[in-house]
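[1] only geometry, no sequence info:
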């Protein structure tokens with residue numbers, strides 16, 4: 001990877017490759033999982049999470065068999081053991097379950113795939129009857145064996161007692177001088193055991209990433225997989241190649257997502273939602289029939305049904321919009337509760353605010369919520385009209401039905417139903433001359 005970051009921590013769809021694999025294994029309800037780690041181990045342990053997760057250090061890298069041996073003490077004799085790889089992020093739990101099921105009538109089950117160009121992979125060697133005899137690594141393979149297109153993915157299933165016995169018999173007698181896990185196949189055959197295979201029909205599912213080119217290819221494949229699931233759930237996506245999901249998305253029917261949209265964290269989208277181009281949405285709940293116009297940024301916000309947002313709006317953490325609220329162009333909100341039917345249409349900042357229903361906020365209005373040390377709250381009642389270019393200096397309250405004159409700076413509570421304003425007296429200075437530049 002040419003990186004200070006351990007390879008398995010490089011992200012796919014916003015999540016470390018290894019976390020994808022751990023999550024896929026966790027869906028099998030395993031009694032416990034072990035991660036064998038070496039390079040950058042402490043960083044890996046800090047960033048990977050999972051229940052019943054154990055860690056085993058491989059201080060020296062002596063091959064895949066040696067790696068598995070570092071965790072074999074965690075395995076009971078009658079356990080079914082799956083071995084997976086932390087740099088293969090697209091592996092599906094269904095595939096892993098099929099691999100485990102393939103062990104029922106066999107001593108060993110291996111996951112294979114077929115490649116038109118199998119360079120670099122271990123080949124599956126079968127006898128004339130089609131039974132697996134061995135896995136031969138490319139550096140140890142003959143010219144004839146290198147023509148085989150069925151290859152080893154590295155994923156295997158075995159019973160604990162068998163795996164423990166085979167690992168003790170491994171030797172580093174190969175071109176790499178390593179202990180190969182794949183040699184367990186020939187050991188099983190020598191003992192008269194049956195070796196089953198499960199064919200993965202999608203090679204990308206079992207492809208690893210050893211450089212950033214491969215990482216980018218897997219990212220695109222992962223994104224397409226997620227977007228296809230979204231479309232099958234009833235969402236129209238303008239261009240599947242230009243929607244990125246880095247988290248989880250739950251969506252209703254008949255919503256539309258335009259190009260260059262980025263969905264982060266946990267996003268819930270209702271029915272008949274429209275999300276226009278170039279929006280970034282993170283950890284948000286979006287209600288039915290809401291329309292998010294182009295170039296909006298929404299983070300940690302809850303948006304009710306029938307709202308209208310943007311274009312060029314920014315909803316920061318703690319924003320809650322009630323039904324039919326409207327946030328217009330170049331408006332920023334933060335920790336603001338906007339009531340039903342209320343409107344903040346233009347060029348305004350509303351922060352640390354509790355706003356009632358049917359409020360109209362004029363263009364250029366700001367809540368002055370920060371005094372340089374502490375944040376203070378603004379409370380605005382129902383049916384309030386705030387004129388343009390108003391500053392509401394918190395802490396301050398505006399009563400129900402109040403009107404605030406344009407250009408006011410409000411530092412005291414404004415009573416309900418009344419007009420409140422503050423303006424300097426307008427003056428005209430007769431005979432005043434506008435400065436002009438001196439001629440050079």
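    Thanks, I have the structure now. Small disclaimer: the values here were computed from a predicted structure and weren't measured. Residues are numbered from 1 along each chain as shown.

[2] Determine the longest helix present in the chain.
    helix 212-232 (DSSP state H).

[3] in that one, what counts as buried?
    Using 16 or more other Cβ atoms under 10 Å as the test for burial, helix 212-232 gives 215, 218-219, 221-223, 225-227, 230. No exception for glycine: its C-beta is placed from N, CA and C like everyone else's.

[4] again with stretch 355-363
    355-357, 359-363.

[5] who touches that stretch?
    322, 336-348, 350, 380-390, 400, 406 (Cβ atoms under 8 Å, 6 or more residues apart in numbering).

[6] same check, this time on stretch 165-184
    Residues contacting stretch 165-184 (Cβ under 8 Å, 6+ apart): 62-69, 72, 83, 108, 122, 134-135, 137, 139-140, 152, 154, 156, 158, 163, 187-188.

[7] helices or strands up against the helix or strand of the chain with the lowest mean pLDDT?
    Every helix and strand in the chain was compared by mean pLDDT, DSSP states H and E; the lowest is helix 41-47, with a mean of 92. Judged by 3 or more Cβ pairs under 8 Å, 6 or more residues apart in numbering; DSSP states H and E, helix 41-47 is in contact with strand 33-37, strand 53-57.

[8] Out of those strands, which is the most enclosed?
    With neighbours defined as mean count of other Cβ atoms under 10 Å, the helices and strands packed on helix 41-47 peak in mean count at strand 33-37, which reaches a mean of 20.

[9] Work out the sheet partners of it and label each with its direction, please.
    Strand pairing for strand 33-37, determined by DSSP bridges: strand 53-57 (parallel).

[10] Give me the contact list for the partner strand.
    22, 32-38, 41, 45, 70-71, 74.

[11] before we move on, what about stretch 107-118?
    With Cβ under 8 Å, 6+ apart, stretch 107-118 has contacts from 95, 99-100, 102-103, 121, 124, 132, 135, 146, 148-159, 162, 184-185, 188, 191, 193-203, 205-206.

[12] Check the residues you listed for burial and list the buried ones.
    The neighbour-count test (16+ other Cβ under 10 Å) marks 95, 99-100, 102-103, 121, 124, 132, 135, 148, 150-159, 162, 184-185, 188, 193, 195-198, 200, 205-206 as buried among these.

[13] now stretch 12-21: how far from the chain's centre is it?
    Computed by Cα atoms, centre = their mean, to the nearest Å, the chain-centroid distance of stretch 12-21 equals 8 Å.

[14] For that stretch, what does the pLDDT average out to?
    For stretch 12-21, mean pLDDT is 98.

[15] quick one, domains of this structure?
    7-206, 212-420 (automatic domain parsing).

[16] Tabulate those domains (a markdown table), appending distance to residue 437.
    A markdown table is the format used below for these (distance: least, Cβ to Cβ, whole Å):
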| stretch | distance to residue 437 |
| --- | --- |
| domain 7-206 | 54 |
| domain 212-420 | 30 |
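
[17] that older thread, mind checking which of the contacts of stretch 165-184 land in helices?
    Short answer: the contacts of stretch 165-184 in helices (DSSP H) are 64-69, 163, 187-188.

[18] Out of the residues you listed, the closest to residue 302 would be?
    Nearest to residue 302 out of the ones in helices among the contacts of stretch 165-184 is residue 67 (Cβ to Cβ; 45.6 Å).

[19] Check the gap between that closest one and residue 210 for me.
    16 Å (Cβ to Cβ, to the nearest Å).

[20] repeat for residue 22
    On the measure of Cβ to Cβ, residue 22 and residue 210 end up 20 Å apart.

[21] The two: which is more packed in?
    Between residue 22 and residue 210, counted using other Cβ atoms under 10 Å, the more crowded position is residue 22 (21 against 12).

[22] Surely the more buried one is in contact with residue 35?
    Yes: contact status for residue 22 versus residue 35: in contact at 7.2 Å, counting by Cβ atoms under 8 Å.

[23] what do these two both touch?
    Listed contacts common to residue 22 and residue 35 are 48, 53; contacts here mean Cβ under 8 Å, 6+ apart.

[24] thinking again about what came up before, could you dump the buried residues of helix 212-232 into a markdown table with distance to residue 314 added?
    Compiled in a markdown table, those are given as follows (distance: Cβ to Cβ, whole Å):
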| residue | distance to residue 314 |
| --- | --- |
| 215 | 31 |
| 218 | 32 |
| 219 | 27 |
| 221 | 32 |
| 222 | 28 |
| 223 | 25 |
| 225 | 30 |
| 226 | 25 |
| 227 | 25 |
| 230 | 25 |
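
[25] Could you dump the residues you listed into JSON lines with pLDDT and distance to residue 329 added?
    JSON lines is the format used below for these (pLDDT from 0 to 100; distance: Cβ to Cβ, whole Å):
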{"residue": "215", "pLDDT": "98", "distance to residue 329": "37"}
{"residue": "218", "pLDDT": "98", "distance to residue 329": "38"}
{"residue": "219", "pLDDT": "98", "distance to residue 329": "33"}
{"residue": "221", "pLDDT": "97", "distance to residue 329": "37"}
{"residue": "222", "pLDDT": "98", "distance to residue 329": "34"}
{"residue": "223", "pLDDT": "98", "distance to residue 329": "30"}
{"residue": "225", "pLDDT": "97", "distance to residue 329": "35"}
{"residue": "226", "pLDDT": "97", "distance to residue 329": "30"}
{"residue": "227", "pLDDT": "98", "distance to residue 329": "28"}
{"residue": "230", "pLDDT": "97", "distance to residue 329": "28"}
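
[26] what ranges do the strands span in the stretch 51-200 of the chain?
    Secondary structure of the stretch 51-200 of the chain by DSSP state E, counting those that start in this stretch: the strands cover 53-57, 80-83, 108-114, 123-126, 132-136, 150-159, 195-199.

[27] Now the second one: average pLDDT?
    When you say that, I think you mean strand 80-83. The average pLDDT for strand 80-83 rounds to 97.
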